[in-house]
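> 3D, please:
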Amino acid sequence: MLSRRLSILLLAACAPGALHAAPVAKDQLMVPPANADHFVVISEAGKHGDEWRWTLPDGSIAYRESILLRGLVFEQDEVVKLGQDGTPTKIIVRGVTPGGDSAEIFAIDAAVAHWKSPVDQGEAAHSAPTFYISNGGTFLANDTLLPALLVAGTSGLNLLPSGHGTLEPSRTLTVTGPAGPKTIKLYFIKGIQQSPQPYWLDDSGKLFGAVGGLGLLPAGYEDNLKAIIKAQDEGIAELAPAVASAFLTDDARRPVLFRNVRMYDADAQRFLAGQDVYVERGKILRVGPTRRGAAPTGARVIDGKGKTLVPGLWDSHMHMPDDFTALAEVAIGVTSFRNPGGSIELAQSQTQRRVQGTLLAPEGFTSVIVDGKGPLAAQGSITVSSLAETIAAVHKIKDAGMTAIKFYTSMTPAWIAPAAAEAHKLGLHVHGHIPAGMRTLDAINAGYDEITHIYFATMQAMPAEVVAKSNGLMRLLGPGKYFKDVDFNAEPTKTVIATMAKRHIALDPTLVVVESVYMARPGTLGAAYRAYAGTLPPATERGFKGGPLPLPEGTTPADTAASFHHMLNYVNVLRKAGVPIVAGTDGTGLELVRELELYVEGGMTPAQALATATIGAAKNVHVDDRTGSIKVGKEADLLLVDGDPSKHIGDLRHVDQVMLDGALLDGDALRAASGFSGRPK
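Below you'll find the predicted structure:
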């Protein structure tokens, strides 16, 4: 569950420890002995931390974790005591994560299991073998689950708090390190998260390592990371053709007539009643008022009564980690996405397989992150230590066929302007976080075409101490304290608005990220996920019940709430001034419609908000001539929803049918294939 836990933590959707006293301090956590098993936490950008494992005198297994990731701190220890059947009888987690106190305890008393985590507490009758899945804890402690699942075989294990897990084998790989060559085998854990989770086991059936948002490998085996990622991506890709062939059939590609449907005209930002839309060979051939009479020969006719047809949605901030997530995006109506920082190799592979028809996925437009070398470098980035290396990274991104370069917060400010100029010469889009020490106008003047995240669009008005530390948590927490008092009609924000509008600098707000930091409450399902309650695997849903990041001294929840609502208004003020707004999630994708709901809360109409996830997003990557709106001659990327999003933008969650490149895909079937157990509320 490395990738899922990481994505939740990076969204700040982890609990602040409201159920516990102050967290155990770092100097009070266990110290691993010299002979402890040592693992490293790494990405292609470098090392981010360490984890250790050893056995205590009573036979319990101890773990220690120490990670610094882009300013996010993980300092935890964990003790797991296993029963004779290999399942936990007691678990104790102590320490901190970016969400605060991570204290968690599980124990069995007289055949009753009890647990208390930062997000919940409960009890249930316990019968062996049953495995408790921690809400948090160290990444390495997943090593106890894998052997238990391996022993359980195809029958799997019952889980607590609920659910059922199985382990499915895949391919093998030979790696080299201090102990010489090792043969490791890829397995997928199914039934715990929405997507199968990849882990690598050694020939004794014990955890060798895992690669999700980060890599966890034995110390000395770091040089195998690229080979492991490649083999893992290939293993996942082997599963994709069966899914694609089940949906991308000849019948799915038949001509379709959507009759008497409410239609969203993205170009005019309006909804039209009583429309017919006819699709054949992947193209939209007719759009207009409903006609009487027979449908074209061989066409499937879909009655549009009570339904709305909109262009396929765009998620303009979706870090696409694997093929499973790509399928889930289609299931929620996304037919195109912009990956603002992804793997070159995976993007190339997914693009090729999508064209070949062996991968069911939205069309992707991938950026690559470039960041300065050091402890705060973004995971998965190309790290650079000079202007020459930065220019070389720009050329590498272009040569790989990617569409944009995304600069990050640890870049040296002086390198941005020449690197952006080189990127523009090569036809690349330039966007990203704003490096520490730079403000919003500095980035625009240096060549940014787009600002990523609303809080970087506030940076012009932030105090110097926030700007200086914006490569850490202050990029989020500083605006939470101060933005509530910013006057849009006064300097310096007045000039920011005017400049972005005049130069058509786009904004990718990701308000859902800010909401998860400023507004979430521990133990309560986040607003972006409430409609999906009961349709997600229990562990996934539990992970969305976290609270906000702990606030710095002098900041109150009232401050962050006021700043958040001021940001909602800011996005609409920018839009009205002429700034292009593109909707993205920087999460799991489930947050996309919530992002649009927040735009409406900030003053947009549903029609205006929907443009940010359709034609506006297509314009941002210069493909609006072929997609992004329902218009004769454009590609047939469409979404049919139950309800009326012109009145309730949230109705976009009620996916009935998705048309992807002219293939009609059933919403219920897509949900079932991507791990949903039913329709959202």
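> distance of Leu507 from Arg353?
When distances are taken as CB to CB, to the nearest Å, Leu507 and Arg353 turn out to be 32 Å apart. For the C-beta atoms, the positions are set from N, CA and C on the backbone; glycine is no exception.
> more crowded one of these two?
Comparing Leu507 with Arg353 by other CB atoms under 10 Å, the one with more neighbours is Leu507, at 23 against 19.
> That one pairs with what?
In this structure, Leu507 bridges to Ile451, Ile581 when assessed by DSSP bridges.
> Let the chain start at 45 from now.
Sure, I'll start numbering at 45, so the last one becomes Leu551.
> quick one, what contacts it?
Listed by CB atoms under 8 Å, 6 or more residues apart in numbering, the contact set of Leu551 reads 494-495, 498, 501, 544, 615, 618, 623-626.
> Tabulate those residues (a markdown table), appending neighbour count, pLDDT and distance to Ala577.
Written out in a markdown table, the entries for the contacts of Leu551 read as follows (neighbours: other CB atoms under 10 Å; pLDDT from 0 to 100; distance: CB to CB, whole Å):
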| residue | neighbour count | pLDDT | distance to Ala577 |
| --- | --- | --- | --- |
| Glu494 | 25 | 98 | 34 |
| Ile495 | 27 | 98 | 33 |
| Ile498 | 22 | 98 | 27 |
| Ala501 | 28 | 98 | 32 |
| Met544 | 24 | 98 | 37 |
| Val615 | 26 | 98 | 27 |
| Leu618 | 25 | 98 | 33 |
| Val623 | 23 | 98 | 35 |
| Pro624 | 21 | 98 | 34 |
| Ile625 | 23 | 98 | 29 |
| Val626 | 25 | 98 | 28 |
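> just those residues now: which is nearest Gly197?
Of all these, Gly197 sits closest to Val626, with 47.1 Å by CB to CB.
> Can you pull the phi/psi pair for that closest one?
Here is the backbone geometry of Val626 (degrees, to the nearest 10): phi -120, psi 130.
> what's the answer for Val255, then?
Torsion angles at Val255 (phi, psi; degrees, to the nearest 10) stand at phi -130, psi 110.
> which ones are touching it?
46, 242, 244, 269, 272-273, 276.
> and what of Ala370?
With CB under 8 Å, 6+ apart as the criterion, the residues that contact Ala370 are 364, 394, 403-406.
> Among the residues you listed, give me the pair with the biggest separation.
Spatially, the most separated pair among these is Met364 and Leu404, at 13.1 Å (CB to CB).
> which SS class is the residue sitting nearest the centre point of the chain?
Residue closest to the average C-alpha location in the chain (CA atoms, centre = their mean): Gly631, at 2.8 Å. In the three-state summary, Gly631 is assigned as coil, counting by DSSP: H, G, I helix; E, B strand; the rest coil.
> isn't it right next to Ala572, touching?
Yes. Checked against CB atoms under 8 Å, the pair Gly631 and Ala572 is within contact range at 7.4 Å.
> shared neighbours of those two, anything?
Between them, Gly631 and Ala572 share these contacting residues under CB under 8 Å, 6+ apart: 556, 560.
> any idea whether Asp187 is helix, strand or coil?
Secondary structure for Asp187, judged by three-state DSSP, is helix.
> Please report how far it lies from Leu203.
Note on Asp187: its distance to Leu203, by CB to CB, is 17 Å.
> and the contacts of Ala370 as TSV, adding distance to Asp603, secondary structure and neighbour count?
TSV is the format used below for these (distance: CB to CB, whole Å; DSSP: H, G, I helix; E, B strand; the rest coil; neighbours: other CB atoms under 10 Å):
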residue	distance to Asp603	secondary structure	neighbour count
Met364	35	coil	23
Gln394	42	helix	26
Leu403	45	coil	21
Leu404	44	coil	27
Ala405	41	coil	23
Pro406	38	coil	28
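> ok, and what's touching the helix ranked longest in the chain?
As assigned by DSSP state H, the longest helix anywhere in the chain is helix 601-621. Residues lying outside helix 601-621 but in contact with it, judged by CB under 8 Å, 6+ apart, are 498-499, 501-502, 523-528, 530, 532, 541-542, 544-545, 551, 553, 555, 558-559, 561-563, 592, 595, 625, 642-643, 645-648, 652.
> and stretch 465-478, average pLDDT?
Model confidence over stretch 465-478, given as mean pLDDT, is 98.
> CA atoms only for that stretch - export them in CSV, please.
Output in CSV follows, covering the C-alpha atoms of stretch 465-478 (Å, rounded to 0.1, in the frame of the first residue of the first chain):
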residue,chain,number,x,y,z
ALA,A,465,13.5,30.3,-23.2
GLU,A,466,15.1,27.1,-24.4
ALA,A,467,11.9,25.2,-23.8
HIS,A,468,9.9,27.7,-25.8
LYS,A,469,12.3,27.4,-28.7
LEU,A,470,11.7,23.7,-28.7
GLY,A,471,7.9,24.2,-28.5
LEU,A,472,7.5,23.1,-24.9
HIS,A,473,4.9,24.5,-22.5
VAL,A,474,6.5,25.8,-19.2
HIS,A,475,4.7,25.6,-15.9
GLY,A,476,5.1,24.4,-12.4
HIS,A,477,5.7,25.3,-8.8
ILE,A,478,7.6,28.5,-8.1
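> so Gly522 sits in a helix?
Yes. When the secondary structure is assigned by three-state DSSP, Gly522 falls within a helix.
> what's the nearest residue to it if we skip its chain neighbours?
When the adjacent residues along the chain are set aside, Gly522 lies closest to Val510, with 3.2 Å between them (CB to CB, 6 or more residues apart in numbering).
> list the helices and strands whichever strand or helix holds the one you found packs on?
Assignment of secondary structure by DSSP states H and E places Val510 within helix 508-512. For helix 508-512, the elements it packs on are helix 518-526, judged by 3 or more CB pairs under 8 Å, 6 or more residues apart in numbering; DSSP states H and E.
> change it to 6 Å
Packed against helix 508-512, as judged by 3 or more CB pairs under 6 Å, 6 or more residues apart in numbering; DSSP states H and E, are no other helices or strands.
> Sort out which of the contacts of helix 601-621 are in helices and list them.
Cross-referencing the contacts of helix 601-621 against helices under DSSP H gives 523-526, 541-542, 544-545, 555, 558-559, 561-562, 642-643, 645, 652.
> Those residues, buried ones only, as a PyMOL selection?
Buried members of these can be picked out in PyMOL with the line below, counting by 16 or more other CB atoms under 10 Å:
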select buried, resi 523+524+525+526+541+544+545+555+558+559+561+562+642+643+645+652
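> SS state for the residue of the chain most remote from its centre?
Within the chain, the residue lying farthest from the chain centre (CA atoms, centre = their mean) is Gly337, at 46.1 Å. In the three-state summary, Gly337 is assigned as coil, counting by three-state DSSP.
> Please tell me how far it sits from Pro299.
Between Gly337 and Pro299 the computed distance is 15 Å (CB to CB).
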